[in-house]
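Peer 1: what would the 3D arrangement of this be:
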Amino acid sequence: MMTDDLIPKAQVPGVIIQFTHVTRYQYSGPVVFGKHRLVVRPKESYHQRLEEIELTTSPPARTHWSEDIFGNMIATLEFLEPASELVVSSQFKVWRTPPPEQIHGPDGVMVELPVFYPGIEESATYLYRRSVYPPQVESIRTWVTGLGIMGAPGESVPLFDRLATIIRKEIDYQRREERGVQSPRETLRMRTGSCRDTAVLMMEAARSIGFAARFVSGYLESEVSRVGRGATHAWTEIYLPDRGWTGFDPSIGEQIGIGHIAVAVSYHPRGVMPITGSYNRQGQVAKGMSVEISSTRDVSTSPADPESTESQGLAPRPE
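Peer 2: Numbering: from 1, shown residues only. As a prediction, the model looks like this:
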């Protein structure tokens, strides 16, 4: 029997990245809050480990943690009293190393067409190969095939590196605070879009030529977030045979890097909104919402002591 030696995390160069995400909703007077659903707890893997997280709210709330069908950790809040302001604050630290190395050509991850998913993967990837916008599949496929980036059948090409670069060049980034995403056709027509919009465009483009793809919601540690003007971020993961889920960020035209902190994944962008909920107006009106996101980074060669990472009232780290 052959075994692989595991590299202790203490020997893997990494960084500790801390994010603070504060959302404030204001109303003209006290309102009664219904249940709220939060998707704010970072996912964990060999390359991303949650060290600590603190979730606080005003007014106070009972918090119940659960895992959804996609493996995301969900916090359900039940508020204990009415208020004219709702504040949800999430602060966490993650230990992060670069994404796993892939088989690269001179220009990126090499992909061979047509794609083939063997055995159980063919059925397991069905949902991720199914378009969210069925009427647009043909026009999206025509756009992708017309880019001249796919190569001949059986030829290995850096297909998704090329696609991410083209989307970055052709679609002007535009930060949007309103909910929802643009359809791929709308993004291509307008030539502008947020990170959510370009992530959906790349996801649907990959699906149109047979690849499984999913939407990823999270954060991007950057100069903007380090000065307190960050925002939530979104990108795309493509499921590549023999390589697994591989992240590409079309809003910057590159593969994901050490600063990408994944929080949640889904076949549809609707399932990973950071905060959703309801309230009884009680005759009051909403006055506005504000979001503040900031980050700091510390170079580290090992994660924090696992015995000291749980905080009072927090979701436990999966064993």
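Peer 1: quick one: the strands in the stretch 51-200 of the chain?
Peer 2: Assigned by DSSP state E, counting those that start in this stretch, the stretch 51-200 of the chain shows strands spanning 61-67, 73-79, 83-96, 104-105, 108-109, 111-112, 156-157, 172-173, 192-193.
Peer 1: among the ones you listed, which is nearest residue 18?
Peer 2: Among the strands of the stretch 51-200 of the chain, the nearest to residue 18 by C-beta to C-beta is strand 83-96 (4.7 Å). For glycine as for every other residue, the C-beta is placed from the backbone atoms N, C-alpha and C.
Peer 1: okay, the angle between that closest one and strand 73-79?
Peer 2: 160 degrees (axes from the mean of the first three to the mean of the last three C-alpha atoms, to 10 degrees).
Peer 1: list the neighbouring strands of strand 83-96 plus their orientation.
Peer 2: strand 14-38 (antiparallel), strand 48-58 (antiparallel) (DSSP bridges).
Peer 1: any chance of those strands in CSV, plus mean neighbour count, distance to residue 257 and mean pLDDT?
Peer 2: Converted to CSV, the strands paired with strand 83-96 look like this (neighbours: other C-beta atoms under 10 Å; distance: least, C-beta to C-beta, whole Å; pLDDT from 0 to 100):
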stretch, mean neighbour count, distance to residue 257, mean pLDDT
strand 14-38, 18, 11, 96
strand 48-58, 19, 12, 97
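Peer 1: still on that earlier bit, just send the strands of the stretch 51-200 of the chain back as TSV, with mean pLDDT and mean neighbour count too.
Peer 2: Formatted as TSV, the strands of the stretch 51-200 of the chain follow (pLDDT from 0 to 100; neighbours: other C-beta atoms under 10 Å):
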stretch	mean pLDDT	mean neighbour count
strand 61-67	97	14
strand 73-79	98	19
strand 83-96	97	20
strand 104-105	59	12
strand 108-109	90	20
strand 111-112	92	20
strand 156-157	92	16
strand 172-173	94	12
strand 192-193	95	20
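Peer 1: same list (these) but as a markdown table, adding distance to residue 142.
Peer 2: Shown next, in a markdown table, are the strands of the stretch 51-200 of the chain (distance: least, C-beta to C-beta, whole Å):
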| stretch | distance to residue 142 |
| --- | --- |
| strand 61-67 | 39 |
| strand 73-79 | 38 |
| strand 83-96 | 38 |
| strand 104-105 | 26 |
| strand 108-109 | 24 |
| strand 111-112 | 20 |
| strand 156-157 | 19 |
| strand 172-173 | 22 |
| strand 192-193 | 19 |
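Peer 1: closest to residue 206 out of the ones you listed?
Peer 2: Nearest to residue 206, of all the strands of the stretch 51-200 of the chain, is strand 111-112, at 9.9 Å by C-beta to C-beta.
Peer 1: how far out from the middle of the chain is the closest one?
Peer 2: Averaging C-alpha positions (C-alpha atoms, centre = their mean, to the nearest Å) puts strand 111-112 24 Å from its chain's average.
Peer 1: ditto for stretch 52-69
Peer 2: Taking mean C-alpha positions (C-alpha atoms, centre = their mean), stretch 52-69 and its chain are 19 Å apart.
Peer 1: returning to that earlier point: relative to residue 298, which of the strands of the stretch 51-200 of the chain is closest?
Peer 2: strand 83-96 (8.9 Å).
Peer 1: could I get the strands paired with strand 83-96 as CSV with distance to residue 170?
Peer 2: Formatted as CSV, those follow (distance: least, C-beta to C-beta, whole Å):
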stretch, distance to residue 170
strand 14-38, 30
strand 48-58, 30
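Peer 1: just tell me which of those strands ends up closest to residue 250.
Peer 2: Closest among those, using C-beta to C-beta: strand 48-58, at 20.7 Å.
Peer 1: returning to that earlier point: ok, which of the strands of the stretch 51-200 of the chain comes nearest residue 239?
Peer 2: strand 111-112 (11.2 Å).
Peer 1: that closest one packs against which elements?
Peer 2: strand 156-157 (3 or more C-beta pairs under 8 Å, 6 or more residues apart in numbering; DSSP states H and E).
Peer 1: mind doing that once more with 10 Å?
Peer 2: strand 156-157, helix 159-170, strand 232-240 (3 or more C-beta pairs under 10 Å, 6 or more residues apart in numbering; DSSP states H and E).
Peer 1: quick one: average pLDDT of the last one?
Peer 2: It stands for strand 232-240. Across strand 232-240, the average pLDDT comes to 97.
Peer 1: three-state assignment of the residue nearest the centre of the chain?
Peer 2: With distances taken as C-alpha atoms, centre = their mean, residue 217 lies nearest the centre of the chain, 2.0 Å away. Of the three states, residue 217 takes strand under DSSP: H, G, I helix; E, B strand; the rest coil.
Peer 1: look up the residues forming beta bridges with it.
Peer 2: Under DSSP bridges, the beta-bridge partners of residue 217 are residue 234, residue 264.
Peer 1: if we can go back for a sec, residue 40: which of the strands of the stretch 51-200 of the chain is closest?
Peer 2: strand 83-96 (4.3 Å).
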